[in-house]
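S.K.: Sequence unavailable; structure follows:
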Ligand SMILES: O=C(O)CCC(=O)C(=O)O
């Protein structure tokens with residue numbers, strides 16, 4: 001099975017179909033070089049501050065990472081984090097299982113020459129549940145420079161997302177290197193086995209990897225501490241909501257409310273029809289029915 005490479009003019013449906021079938025898909029050259037270069041320039045000081053002091057084997061001894069407050073330090077990354085294509089794909093994969101979703105994590109990763117392979121893994125293993133057919137999150141890796149196998153392009157095991165039980169492992173030796181040119185984007189399922197590649201070249205590989213998780217899960221990184229209100233107010237309402245500055249659900253089923261309602265950070269509160277369709281908990285009719293009224 002080979003990972004599909006689609007043109008940016010392709011319909012979202014084709015991206016979603018390939019992602020569902022193979023567990024991963026690349027869309028070529030979605031982001032312009034100007035925005036990508038600006039993001040790298042904004043990230044540079046933060047990446048250079050990573051002194052590997054807390055680097056684990058998983059993080060890599062020759063890999064620079066920055067995630068905390070990523071959008072504060074690299075505001076241009078908002079264009080990719082909140083890109084229409086990403087939102088369209090996330091809507092298709094995640095919304096059948098939640099009323100809204102949130103950013104799980106935002107991380108820039110620079111794999112430097114001399115780095116060895118990162119262990120293949122699934123991003124959804126941090127949540128102690130597995131439900132067949134329900135992806136808990138999706139991962140989106142943007143190539144901020146050219147990804148080649150030699151410099152550590154992300155390794156992906158196509159089809160590995162179908163192995164829904166962690167004790168039934170796919171053959172992880174069947175990984176493919178997702179070589180892609182600068183500005184391209186790799187989508188993968190939370191259950192898809194993947195990992196960073198070894199860098200045997202003479203330049204580094206820089207990517208921005210973001211996850212989007214079901215809105216009723218706790219997000220992997222703490223968006224509120226990483227991006228306090230004075231930072232978040234610089235962004236558009238849709239991105240603010242993705243960063244958690246919006247309640248999940250509506251009516252009596254609100255999660256993450258503030259002052260009993262959707263935080264005033266979002267111009268448009270969530271559409272309450274979602275809750276009406278499934279029936280709210282705690283309606284007067286329910287109480288009356290329980291009381292035999
Ligand atoms: O850098 C990459 O290509 C993948 C990194 C990754 O999957 C991770 O650090 O969780």
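M.R.: Sure thing, it's come through. The model shown is predicted, which means the values in this text are computed figures rather than measured ones.

S.K.: what bridges to residue 185?
M.R.: Per DSSP bridges, the residues bridged to residue 185 are residue 27, residue 142.

S.K.: host element of residue 287?
M.R.: Assigning secondary structure by DSSP states H and E places residue 287 in helix 284-290.

S.K.: For the residue nearest to residue 114 when sequence neighbours are not counted, give me its contacts.
M.R.: Distances taken as Cβ to Cβ, 6 or more residues apart in numbering put residue 62 closest to residue 114, at 4.8 Å, once the chain neighbours are dropped. Using the backbone N, CA and C atoms, a C-beta is placed for each residue, glycine as well. Residues near residue 62 by Cβ atoms under 8 Å, 6 or more residues apart in numbering: 111-115, 199.

S.K.: For the stretch 151-293 of the chain, which residues are neighbours of the ligand?
M.R.: Within the stretch 151-293 of the chain, the residues that sit near the ligand (Cβ under 6 Å from any ligand atom) are 154, 194-196, 207, 209.

S.K.: Strands - which of these land there?
M.R.: 194-195, 207, 209 (DSSP state E).

S.K.: top of those by neighbour count?
M.R.: Neighbour counts for these (other Cβ atoms under 10 Å) peak at residue 194, which has 27 neighbours.

S.K.: ok, and the closest non-adjacent residue to that one?
M.R.: That would be residue 156: by Cβ to Cβ, 6+ apart, it lies 4.6 Å from residue 194.

S.K.: so what's the one you found bridging to?
M.R.: Going by DSSP bridges, residue 156 is paired in beta bridges with residue 176, residue 194.

S.K.: wait, it sits on residue 197?
M.R.: No: contact criterion Cβ atoms under 8 Å: residue 156 and residue 197 do not qualify, at 10.0 Å.

S.K.: More neighbours: which of these two?
M.R.: residue 156 (28 against 24).

S.K.: per-residue pLDDT, residue 166?
M.R.: Here, the pLDDT recorded for residue 166 equals 65.

S.K.: So residue 188, which state does it fall into?
M.R.: Following DSSP: H, G, I helix; E, B strand; the rest coil, residue 188 is assigned to strand.

S.K.: ok, and the closest non-adjacent residue to it?
M.R.: Here the residue nearest residue 188, using Cβ to Cβ, 6+ apart, is residue 24, at 4.1 Å.

S.K.: The one you found: what's it in contact with?
M.R.: Counted by Cβ under 8 Å, 6+ apart, residue 24 has contacts 3, 156, 158, 178, 186-189, 192, 194.

S.K.: What separation do you get for the residue nearest to residue 114 and residue 9?
M.R.: 37 Å (Cβ to Cβ, to the nearest Å).

S.K.: Same check on residue 152?
M.R.: Residue 152 is 29 Å from residue 9, by Cβ to Cβ.

S.K.: try residue 222
M.R.: With distances taken as Cβ to Cβ, residue 222 is found 38 Å from residue 9.

S.K.: between the two, who's got more neighbours?
M.R.: Between residue 222 and residue 9, residue 222 has the larger neighbour count (other Cβ under 10 Å), namely 12 against 7.

S.K.: Quick check: that one vs the ligand, distance?
M.R.: 17 Å (Cβ to the nearest ligand atom, to the nearest Å).

S.K.: ok, now how distant is that residue from residue 191?
M.R.: Counting by Cβ to Cβ, the gap from residue 222 to residue 191 is 24 Å.

S.K.: next one: residue 56
M.R.: Taken as Cβ to Cβ, the span from residue 56 to residue 191 is 22 Å.

S.K.: Between these two, point out the one with more neighbours.
M.R.: residue 191 (22 against 8).

S.K.: Skipping its backbone neighbours, what lies nearest that one in space?
M.R.: residue 161 is the one closest to residue 191 (Cβ to Cβ, 6+ apart), at 4.3 Å.

S.K.: a helix runs through that neighbour, doesn't it?
M.R.: Yes: applying three-state DSSP, one finds residue 161 inside a helix.

S.K.: got a list of what it touches?
M.R.: By Cβ under 8 Å, 6+ apart, the neighbours of residue 161 are 23, 135, 188-189, 191-193.

S.K.: per-residue confidence at it?
M.R.: Confidence score, pLDDT, at residue 161: 93.

S.K.: Have a look at the chain and report its longest helix.
M.R.: For the chain, the longest helix by residue count, based on DSSP state H, is helix 33-48.

S.K.: Paired strands for the helix or strand following it, with orientation please.
M.R.: Moving toward the C-terminus from helix 33-48, the first helix or strand encountered (DSSP H and E) is strand 63-66. Paired neighbours of strand 63-66 in the sheet (DSSP bridges): strand 101-111 (antiparallel).
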